[in-house]
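**Student:** Provide a 3D model corresponding to the input given below.
(chains A, B, C and D)
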There are 2 protein chains.
Amino acid sequence: MADITIKDVAARAGVSAATASRVLSGNPATSPQARENVAAAVIELDYRPNAQARALRSTHSDSIGLLVPDVRNPFFADLAHTVEQEALSEGYVTLLGNANEQKDQQDRYLDTLISRRVDGIIVAPLGDGGGSIRSLIEREIPTVFVDRTVYGIDVPSVTTDSTGGIRQTVEHLASLGHTRIGYISGPQATSTGRDRFAAFTATVAAAGLSQDPDLVYFGDFQAASGSAGLHALLGLNDPPTALLAADSLMAVGAIAILHKLGLRIGTDLALVAFDDIEWFALLNPALSVISHSVEDMGRIAVEMLLEVIAGNSPQSVVLPSELVVRASSSSPILPAASRRKN
Amino acid sequence: MADITIKDVAARAGVSAATASRVLSGNPATSPQARENVAAAVIELDYRPNAQARALRSTHSDSIGLLVPDVRNPFFADLAHTVEQEALSEGYVTLLGNANEQKDQQDRYLDTLISRRVDGIIVAPLGDGGGSIRSLIEREIPTVFVDRTVYGIDVPSVTTDSTGGIRQTVEHLASLGHTRIGYISGPQATSTGRDRFAAFTATVAAAGLSQDPDLVYFGDFQAASGSAGLHALLGLNDPPTALLAADSLMAVGAIAILHKLGLRIGTDLALVAFDDIEWFALLNPALSVISHSVEDMGRIAVEMLLEVIAGNSPQSVVLPSELVVRASSSSPILPAASRRKN
DNA sequence: TGTGGTCGTGGAATCGATTCCATGGAATCG
DNA sequence: CGATTCCATGGAATCGATTCCACGACCACA
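**Tutor:** Coordinates of the predicted model:
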């Protein structure tokens, strides 16, 4: 692993290291002759600049960090893809970290990203503003929140307005005759969990539907809690006739149990999920979803972070969400007598 | 962003930078007094070592690179998750790159990873051994291939033995009465594409089934080519009665078209997909798959890379694959007359 | 008491690239 | 033709952490 340095290139090209550096960074104060010789030497030696040394001297590393709660969640996989492609087109490499929905792993990754002196960080945060999130702010490291925010921390963010999609969903279900809508909520420690829950309770009240607190189950955005939530809701004396899940993984968990119980989605129980995942349309029946654009979210987050890095203070952006009706929620409610009991 | 350096810590603790460095790296040649003072100063100043400077001096960066062809493919998302968690537990950070199934993006990312002097690289390669893959070898950068290999490049790898799962599948379909099995293949520019295709042709011949070359469609591992492949195969004069797709995304593309055409999976057409994805079991009917362990693959790849970094030459590992029969391939074949025509 | 050894410490060199500063040669102007 | 500007260039300082080397203090043993 005999590394080739800029001195080797300079020697080969018959110039000094300073001149070689100037050629490589496109400094105009170089002669055509020098440019040519250096370019040739670079190719002959297959030279790759040492990014560490460069970053050490020049205070920027041309890299950004992206910290997501769970890469296996298709929503965040898509987000990672979009951010990474968008950043690459702007000349930045993305370091992807996975907090695994755990605060200590989030802190550990943030520490690492700080140590590596990334130029900025995009994070879908969890927990309160403690731990390493605070260090980010105190060090004035350019930061953008995506999908989620943290109460009391003033950082530009790109989030989804849950209210529109959830109101459409509640009204849609009400128009089919449903009065008892079950809700599998995300954790109240996340802003998305809180916002969606608030939107649900508000619109249910506005539509005059049942506000029975037993109709709400609090999950953790992962599949197993969707299964548990479904069990809990179906076990009620007066179970819901429609169900809204606050994210795709909890919907998947619920669907698995529905299959196991032999209940028919769309007729025995209407189902809508927050987050649109490509293959939700392939389920039989196809799943109704509240859709929001992950591409827009990723693209805007990168643009916004570049603004912050440039020293500006961009406005936070809230993207709309929208109900997409498919077969899982298109049948009118059945009379209670014909519904199977659990 | 006034960065705090080791000199600030040293000054605060009343020692030299050399001593502070020794304390931080756990060098035993330090007095308890010094250790205590430095530890206190680190906390008071919220000091984070500059990873760039450290890596520059000490030739290792405690980071590895992972380059996958497509993060949105659930198989690679799972792989990324496993590798990242496993590496983290060994004290390494993972830089994730996404080649987007394009050779130029793969080269670009490899260049970046080389520049950043990662300690090693895990890559699911595409294309031949040209471009930056060659640079990796010439520079003797610790490298491990995962899922795929490159012909003629001698690098330790963790791959899946397609043959077992594919033989089981062909024999299973034959036992249901199928004689014409369609195959949507991966690209022959990838080792997995070639291996699975070879296994399919060999086992079909061994089972005495139709070897009609029209039964094979060559896709590119992405969803759209699965749709195209299905159209092509159903358009034959004598279409197949069973279908095997060489990866999950092409299976998804095929399923979408089957739904659109109103064909019933499992009865009108038996379907099996390579790669097990959690929600494949949720489809109706549930999808039969050839399953292989992405956790084992990721874990072994990291272990193997650490071996290579340590200077050893680990043996390549080939993991088994296995057929999991579900409803999409459990009905005996229908007589031709009762099958619908496309 | 003198010699040898251990131990904690600080000074200085080092890693590779960038950039300030000074220099020498060519070009331009009065 | 002499003076001034311009430009390409090399030398040297710099970024922050690590590590080699040397030094002084201390203990132990003969």
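**Student:** Now do the contacts for the residue positioned nearest the centre of chain A.
**Tutor:** A centroid search over chain A (C-alpha atoms, centre = their mean) returns A:Phe76, at 4.3 Å, as the residue closest to the centre. Contact analysis of A:Phe76 by C-beta atoms under 8 Å, 6 or more residues apart in numbering or on different chains lists A:68-70, A:124. C-beta: built from backbone N, CA, C; applies to glycine.
**Student:** Would you agree it falls within a helix?
**Tutor:** Yes. Counting by DSSP: H, G, I helix; E, B strand; the rest coil, A:Phe76 is part of a helix.
**Student:** Can you give me the domain assignment for chain A?
**Tutor:** According to automatic domain parsing, chain A is divided into the following domains: A:6-49, A:62-160+A:294-320, A:162-291+A:324-338.
**Student:** So which residues of chain A form helices?
**Tutor:** Counting by DSSP state H, chain A has helices at residues A:6-13, A:17-24, A:32-45, A:51-58, A:74-89, A:103-115, A:132-138, A:162-175, A:191-206, A:223-234, A:248-261, A:294-309.
**Student:** wait, A:Ala245 sits on A:Gly182?
**Tutor:** No. Counting by C-beta atoms under 8 Å, A:Ala245 sits too far from A:Gly182 to count as a contact (9.1 Å).
**Student:** And the pLDDT for the closest residue in space to A:Asn100 that isn't next to it in sequence?
**Tutor:** Spatial nearest neighbour of A:Asn100, chain neighbours left out: A:Asp70 (6.5 Å); criterion: C-beta to C-beta, 6 or more residues apart in numbering or on different chains. According to the prediction, A:Asp70 has pLDDT 89.
**Student:** Please apply the same query to A:Ala2.
**Tutor:** Turning to A:Ala2, the model gives it a pLDDT of 58.
**Student:** Could you count how many residues lie near the nearest residue to A:Val170 once chain neighbours are set aside?
**Tutor:** In this structure, A:Val170 finds its nearest non-sequential neighbour in A:Thr203, 4.4 Å apart by C-beta to C-beta, 6+ apart. Neighbourhood size, A:Thr203 [other C-beta atoms under 10 Å in any protein chain shown]: 19.
**Student:** Would you check how far apart A:Thr203 and chain B are?
**Tutor:** Note on A:Thr203: its distance to chain B, by C-beta to the nearest C-beta, to the nearest Å, is 28 Å.
**Student:** what's the answer for A:Pro156, then?
**Tutor:** From A:Pro156 to chain B the distance is 17 Å (C-beta to the nearest C-beta).
**Student:** Give me the subset of the contacts of A:Phe76 lying in strands.
**Tutor:** Under the assignment DSSP state E, the contacts of A:Phe76 contribute A:Val68 to strands.
**Student:** Among the contacts of A:Phe76, the buried ones, what's the PyMOL command?
**Tutor:** Listed next is the PyMOL selection for buried residues among the contacts of A:Phe76, using 16 or more other C-beta atoms under 10 Å in any protein chain shown:
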select buried, chain A and resi 68+69+70+124
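**Student:** Could you identify the most distant pair in the contacts of A:Phe76?
**Tutor:** Using C-beta to C-beta, the two most remote members of the contacts of A:Phe76 are A:Asp70 and A:Ala124, lying 9.2 Å apart.
**Student:** residues touching A:Lys260, list them.
**Tutor:** Applying C-beta under 8 Å, 6+ apart, no residues contact A:Lys260.
**Student:** residue ranges with poor pLDDT in the stretch 101-250 of chain A?
**Tutor:** Applying pLDDT under 70 to the stretch 101-250 of chain A flags no residue at all.
**Student:** Any idea which residue of the stretch 51-200 of chain A lies closest to DNA strand C?
**Tutor:** A:Ala53 (3.3 Å; C-beta to the nearest atom of the strand).
**Student:** Do I have it right that that residue meets B:Leu56?
**Tutor:** Yes. Judged on C-beta under 8 Å, A:Ala53 makes contact with B:Leu56 at a distance of 5.4 Å.
**Student:** When those two are compared, which one has more neighbours?
**Tutor:** Between A:Ala53 and B:Leu56, counting by other C-beta under 10 Å, B:Leu56 is the more crowded of the two (19 against 16).
**Student:** The nearest residue to that one once chain neighbours are set aside: what's it in contact with?
**Tutor:** Counting by C-beta to C-beta, 6+ apart, B:Leu56 lies nearest to A:Gln52, which is 4.7 Å off, once chain neighbours are set aside. By C-beta under 8 Å, 6+ apart, the contact list for A:Gln52 reads B:52-53, B:55-56, B:61, B:116-117.
**Student:** run the last query once more with 6 Å
**Tutor:** B:52, B:55-56, B:117 (C-beta atoms under 6 Å, 6 or more residues apart in numbering or on different chains).
**Student:** got it, and A:Leu136?
**Tutor:** If you count contacts by C-beta under 6 Å, 6+ apart, then A:Leu136 has A:Thr143 around it.
**Student:** quick one: it from B:Val93, how far?
**Tutor:** Applying C-beta to C-beta, to the nearest Å, the value for A:Leu136 to B:Val93 is 17 Å.
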